[in-house]
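>>> model this:
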Amino acid sequence: MKHSFFLMLVAVLFSCNSKKENIEISQSESQNQKQDKPNIILIVVDDQGYADFTPFDNHDETVSTPNISRLGASGTVFTQAYVTAPVCSPSRAGILTGKNQFRWDKPASWGPGLPDSVKTIAEYLKEAGYATARIGKNDLGRNFHKNDVREYPLNHGYDEFLGFSAHAHDYWLNSQSIKERTPDPYGTSALLGPLMHNMGEKSYEEGYLTDIFTDESIAYMKQKRDKPFFLTLSYNAVHHLIHEVPKKYLDKYNVKVIPNYDPDSLVAYGKHKEGTYSAYYDKYSRVGAINTTDLRNYYLANLNCLDDNIGRVLDALKENDLEKNTLIVFISDNGGSPLTGANNAPLTGGKYSLWEGGIRVPMAVSWPGEIEAGKTVTQYVSATDILPTLAKAGGATVTDKDIDGIDLFSPQDDRLLVWKWQKTWAARQGKWKITNAKENHWKSEPSNQYIAPIRDDLTIKLFDIENDPGERNDVSEDHPEIVKQLQDAYNNWCEVNIIK
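Modelled structure (predicted):
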């Protein structure tokens with residue numbers, strides 16, 4: 001009997017050791033799988049000027065963004081990166097889907113929305129085993145403030161969402177109490193009050209919104225350390241209201257504090273109904289109440305604060321041993337705004353138009369050990385390329401045959417890019433760009449950094465963009481054959497691809 005017991009004990013011990021070995025092998029395999037799939041962070045900033053991107057060699061020297069410079073130095077910088085539209089909502093739809101959003105948005109409007117039939121990068125990566133989260137701005141131009149629509153992040157691939165679903169949000173006023181005291185909390189393109197959080201809301205009695213988004217992102221990264229994650233960190237900086245910045249940054253740039261909106265104030269905000277948030281927002285979202293010199297300094301202060309927060313994200317990755325296994329894409333959603341003090345030099349125009357200043361944006365990609373550090377790509381690429389590039393890195397298979405993006409690191413010199421925005425359009429192939437661009441910045445006085453177009457009408461214009469990035473020399477009369485070639489290419493693309 002003792003002999004039988006001994007045999008049983010040996011068998012049990014052998015079984016336990018085998019299970020232990022299997023567990024260890026499983027854990028090892030799991031770790032290897034994690035290492036095979038990088039964490040992915042897509043940082044989208046709002047309205048950053050082309051010349052205000054310090055990783056570029058010829059940046060504006062008044063800009064202080066050492067952390068954005070650090071991000072650029074650790075990866076590859078793209079000097080000719082294009083978004084699909086010159087304003088937030090359609091551009092972000094293009095980034096999210098890898099498609100020109102005017103495929104389905106035939107009017108080429110401010111609000112393309114997101115059809116059920118168009119798949120997002122979050123959905124692709126979720127299928128590939130990623131935890132997915134969006135923190136910050138969610139703006140697809142339709143169905144704002146709602147969580148039961150396709151445009152809401154939880155309904156297009158994100159497991160978690162914290163932020164706002166609108167064009168803009170006040171930087172300071174993020175509480176339930178301010179919402180209850182305000183007659184029009186949703187009464188303009190910007191809102192105030194609690195942030196949307198999954199299927200509910202989260203109120204912040206204190207705190208600055210850029211800091212809040214960073215805090216929540218760092219907490220998320222720490223929480224998801226044991227599983228590959230895809231985080232879209234979508235800041236609303238450096239969008240209006242550009243003057244709303246913590247005081248230490250205002251002091252640095254020698255500009256005064258402008259009081260926050262107060263619904264109980266007896267001071268009328270401009271021409272609108274006294275006491276509304278819409279009136280406050282309108283008053284401080286254009287030159288007038290803020291002069292052009294101060295506007296630039298408010299912008300620089302806002303950008304400096306944004307940069308410090310990006311530095312906090314980079315530091316958190318390093319501190320949590322995530323740095324080497326994290327792929328980061330940094331991009332602005334469109335060109336710098338003529339109404340905020342952004343600098344797009346040497347590009348013409350800015351946000352709201354199809355001049356280069358509206359659609360050519362800051363962009364960098366970093367992934368230590370996988371993507372070359374300190375490299376600059378001068379060939380043109382598209383924001384639609386982000387989806388297939390990230391899908392490939394994350395082991396996801398892109399099934400959509402109508403995707404407009406290609407691998408960011410395999411640019412094509414003769415690739416056709418097309419744009420459609422309201423009544424204007426543009427196409428680029430090789431060094432040539434054709435457009436009927438007409439400026440549109442609300443007929444407001446632009447800031448001092450704005451470079452006006454050589455001709456502001458809907459006529460056809462042709463530019464050699466490689467040699468004339470500022471679009472100062474229209475050569476359409478010298479090259480009628482190129483004009484026809486690009487017009488035909490654009491029209492053919494639209495005929496085949498735009499949903500009838």
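
>>> In three-state terms, label His145 for me.
Applying DSSP: H, G, I helix; E, B strand; the rest coil to His145 yields a three-state assignment of coil.

>>> tell me which element Asn297 falls in.
Secondary-structure element containing Asn297, defined by DSSP states H and E: helix 292-319.

>>> Alpha carbons of the following helix or strand past that helix, in PDB - could you do that?
Next along the chain after helix 292-319, taking DSSP H and E as the criterion, comes strand 326-332. What follows is strand 326-332 as a C-alpha-only set of coordinates in PDB (Å, rounded to 0.1, in the frame of the first residue of the first chain):
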ATOM      1  CA  THR A 326       5.400  51.600 -28.300                       C
ATOM      2  CA  LEU A 327       4.700  53.000 -31.800                       C
ATOM      3  CA  ILE A 328       3.700  56.700 -31.700                       C
ATOM      4  CA  VAL A 329       2.200  58.700 -34.600                       C
ATOM      5  CA  PHE A 330       2.000  62.400 -34.100                       C
ATOM      6  CA  ILE A 331      -0.100  64.600 -36.500                       C
ATOM      7  CA  SER A 332      -2.100  67.800 -36.600                       C
END
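
>>> Strand 326-332 pairs with which strands, parallel or anti?
For strand 326-332, the paired strands and their directions (DSSP bridges) read strand 39-45 (parallel), strand 363-366 (antiparallel).

>>> My reading is that Arg428 lies in a helix. Confirm?
No: looking at Arg428 with three-state DSSP, it is strand, so not inside a helix.

>>> any idea how far Ser382 is from it?
From Arg428 over to Ser382 the distance is 10 Å, taken as CB to CB, to the nearest Å. All C-beta spots, glycine's among them, are computed from the backbone N, C-alpha and C.

>>> so what sits against both of those two?
Counting by CB atoms under 8 Å, 6 or more residues apart in numbering, the shared contacts of Arg428 and Ser382 are 82, 417.

>>> Can you list the residue ranges for helices in this protein?
Counting by DSSP state H, the chain has these helices, from start to end: 2-36, 66-73, 88-97, 121-127, 176-181, 209-223, 247-252, 277-283, 292-319, 356-359, 386-393, 480-497.

>>> any low-confidence regions in the chain?
Scanning the chain with the threshold set as pLDDT under 70 gives 1-35, 266-274, 442.

>>> quick revisit: so which of the strands paired with strand 326-332 is nearest Lys392?
The closest of the strands paired with strand 326-332 to Lys392 is strand 39-45. By CB to CB, the value is 11.2 Å.

>>> Next, the angle from the closest one to helix 292-319.
Orientation check (axes from the mean of the first three to the mean of the last three CA atoms, to 10 degrees): strand 39-45 against helix 292-319 gives 170 degrees.

>>> Now strand 39-45: buried residues?
Neighbour counts over strand 39-45 (16 or more other CB atoms under 10 Å) mark 39-45 as buried.

>>> With stretch 218-229 instead?
For stretch 218-229, the buried set under the neighbour-count rule, 16+ other CB under 10 Å, comprises 218, 220-221, 224, 228-229.

>>> Which residue ranges of the stretch 401-500 of the chain form strands?
Listed in chain order, the strands of the stretch 401-500 of the chain (DSSP state E, counting those that start in this stretch) span residues 416-421, 424-429, 432-435, 461-464.

>>> strand partners of the third one, parallel vs antiparallel please.
Which is strand 432-435. Strand 432-435 has the following strand partners under DSSP bridges: strand 424-429 (antiparallel), strand 461-464 (antiparallel).

>>> Identify the residues contacting it?
Defining contact as CB under 8 Å, 6+ apart, one finds that strand 432-435 is touched by 354-356, 419, 424-428, 460-465, 471, 476, 479, 482-483, 486-487, 490.

>>> go on, the first one?
Taking CB under 8 Å, 6+ apart as the criterion, the residues outside strand 416-421 that touch it are 82, 84-87, 90, 100, 102, 108, 353-354, 359, 380, 382, 425-429, 435, 489-490, 493-494.

>>> one more time with 7 Å, if that's ok
82, 84-86, 100, 102, 108, 354, 359, 382, 425-429, 489-490, 493 (CB atoms under 7 Å, 6 or more residues apart in numbering).

>>> and what of stretch 474-490?
Residues beyond stretch 474-490 that count as contacts (CB under 7 Å, 6+ apart) turn out to be 416, 418, 425, 427, 429, 432, 434, 454-455, 460-464.

>>> CA atoms only for that stretch, dumped as PDB, please.
Listed next in PDB are the C-alpha coordinates belonging to stretch 474-490 (Å, rounded to 0.1, in the frame of the first residue of the first chain):
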ATOM      1  CA  ASP A 474       0.700  80.100 -60.900                       C
ATOM      2  CA  VAL A 475       2.000  78.300 -64.000                       C
ATOM      3  CA  SER A 476      -1.300  77.100 -65.400                       C
ATOM      4  CA  GLU A 477      -0.900  79.100 -68.600                       C
ATOM      5  CA  ASP A 478       2.600  77.700 -69.200                       C
ATOM      6  CA  HIS A 479       1.500  74.100 -68.800                       C
ATOM      7  CA  PRO A 480      -2.000  73.600 -70.200                       C
ATOM      8  CA  GLU A 481      -1.300  69.900 -70.800                       C
ATOM      9  CA  ILE A 482      -0.600  69.400 -67.100                       C
ATOM     10  CA  VAL A 483      -3.700  71.200 -66.200                       C
ATOM     11  CA  LYS A 484      -5.800  68.900 -68.400                       C
ATOM     12  CA  GLN A 485      -4.000  65.800 -67.200                       C
ATOM     13  CA  LEU A 486      -4.700  66.600 -63.500                       C
ATOM     14  CA  GLN A 487      -8.300  67.800 -64.200                       C
ATOM     15  CA  ASP A 488      -9.000  64.500 -65.900                       C
ATOM     16  CA  ALA A 489      -7.300  62.500 -63.200                       C
ATOM     17  CA  TYR A 490      -9.400  64.200 -60.500                       C
END
